[in-house]
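Peer 1: Attaching a predicted model along with its sequence, questions to come.
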Amino acid sequence: MRLRTKTRLIRLAAIAIAAPFLMLAESGKATEQVPAKQIFGGIELPSRAAPAPYGFYSKGCISGAVALPTDGPTWQAMRLSRNRRWGHPQMISLLEQLAHDAPKVGWPGLLVGDVSQPRGGPMMNGHASHQIGLDADIWLTPMPDRQLSAQEREDLPFTSMLRKDKFLTVDARLWTPSHARLIMLAASYPQVERVFVNPAIKKKLCDTWTGDRSLLGKVRPIYGHDAHFHVRIKCPVGAGGCKSQAAPPPGDGCDKSLAWWFTAEPWAKPKTDPKKPAPKPREIGVSDLPKSCLAVLKAPSVASESEVTLGGGATPVAAYAPSTAAPPTAMAGQPIDVTPEEIPIPLPRPLDR
Ligand SMILES: [Zn+2]
């Protein structure tokens, strides 16, 4: 089954599950048996409330999220069917600022990937973080000089910047100085806390970046992230429920912590006892999230997306309508942030996300 279709089916299933859950939640008999990702994945609109992230990037939710318009003068949002263009107003503003500044560094415009779900929370597929409206993915493919149709935004394949025939090496035929300038531009905003890229991309920047080296420390190596990079902003000032992440260590990060990625260790299969089956990871329930997240789920919705869409200034793309056209290439629906299957399962590691 095409992943695009699968994503839609997952969302429909999630909506079917979320609706009765929310009724139970209204009556005070919230069930904990339903995984949080199904509940959050099934909600179409944000809560009508002041914007507030609750919890941590990889465990939380957001109230009062706003939407990135599908189109701006120098951006186009991708994979619209996922309904993940939602974020804290500061995240959406940052994306619009980055899109505005990108042409100055030779990048024509942004293809924007996932931000968060309307009320944040865990997702059915794709990400560990992106839960509190303060994370966003940006493609390492420049925006084309025409408006993509909604269908094209579903089908456009991801382009990895890595060589397929060589371990952890940026493909010199694909990588350009404007890729580097765009990533470093993203890192330059004071509200940006971290930028995640593939270790090979971090190494490329370490080897070639001649601008402000102190900003390189914000650019953190991590699995995947070879066709997109990930921008994370700090907890907004005054957001009491938002759990901050420790600042990245001082220095440019072009050190042992990067060299580790080029050893076998991070890519080795975890050692398991063949006699004991691996324990099934426990599903995250709503009660595992900050207490405020139940209230976020129960809160009334805004009336419509357009009511809480921030900025814009370009004609939005026609609504997403699945077609029966030729199937997309194999990579088209690959979820962002998921480690490709051919890479061995990594060991537990000093996690950054
Ligand atoms: Zn991401």
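Peer 2: Good, I have the coordinates.
Peer 1: okay, CA-based contacts and neighbour counts for the rest of this
Peer 2: Noted.
Peer 1: In terms of helices and strands, where is the residue in the stretch 1-150 of the chain positioned nearest to the ion?
Peer 2: Residue of the stretch 1-150 of the chain nearest the ion, by CA to the ion: D137 (4.7 Å). Here D137 sits within strand 135-139, counting by DSSP states H and E.
Peer 1: Now do that strand: distance to the chain's middle.
Peer 2: 5 Å (CA atoms, centre = their mean, to the nearest Å).
Peer 1: Excluding chain neighbours, what is closest to A314?
Peer 2: Excluding the flanking residues, the one nearest A314 by CA to CA, 6 or more residues apart in numbering is G72, at 4.8 Å.
Peer 1: okay, now the spatially closest residue to the residue of the stretch 1-150 of the chain closest to the ion that is not a sequence neighbour: neighbour count?
Peer 2: Closest residue to D137 apart from its sequence neighbours, by CA to CA, 6+ apart: H230 at 4.4 Å. H230: 23 surrounding residues under other CA atoms under 10 Å.
Peer 1: who touches the helix or strand hosting H230?
Peer 2: Element membership for H230, per DSSP H and E: strand 228-233. For strand 228-233, contacts defined as CA atoms under 8 Å, 6 or more residues apart in numbering pick out 91, 134-141, 183, 186, 191-197, 336.
Peer 1: how about the strands of the stretch 151-300 of the chain, start to end?
Peer 2: 192-197, 219-221, 228-233 (DSSP state E, counting those that start in this stretch).
Peer 1: Out of those, the one nearest the ion is which?
Peer 2: Closest of the strands of the stretch 151-300 of the chain to the ion is strand 228-233, at 4.6 Å (criterion: CA to the ion).
Peer 1: I'd like to know the average pLDDT value across that closest one.
Peer 2: The average pLDDT within strand 228-233 is 98.
Peer 1: Note down every partner strand of that strand and its orientation.
Peer 2: Sheet pairing for strand 228-233, assigned by DSSP bridges, gives strand 135-139 (antiparallel), strand 192-197 (antiparallel).
Peer 1: So for that strand, what gets flagged as buried?
Peer 2: Using 16 or more other CA atoms under 10 Å as the test for burial, strand 228-233 gives H228, F229, H230, V231, R232, I233.
Peer 1: got it, and stretch 240-253?
Peer 2: G241, C242, K243, S244, D252, G253.
Peer 1: Surely the fifth one and G211 touch.
Peer 2: I take that to be D252. No: D252 lies out of contact with G211 (CA atoms under 8 Å); the separation is 11.8 Å.
Peer 1: could the buried residues of strand 228-233 go into a markdown table alongside distance to F167?
Peer 2: Converted to a markdown table, the buried residues of strand 228-233 look like this (distance: CA to CA, whole Å):
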| residue | distance to F167 |
| --- | --- |
| H228 | 18 |
| F229 | 19 |
| H230 | 22 |
| V231 | 25 |
| R232 | 27 |
| I233 | 31 |
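Peer 1: Which members of those residues are the farthest-apart pair?
Peer 2: H228 and I233 (16.6 Å; CA to CA).
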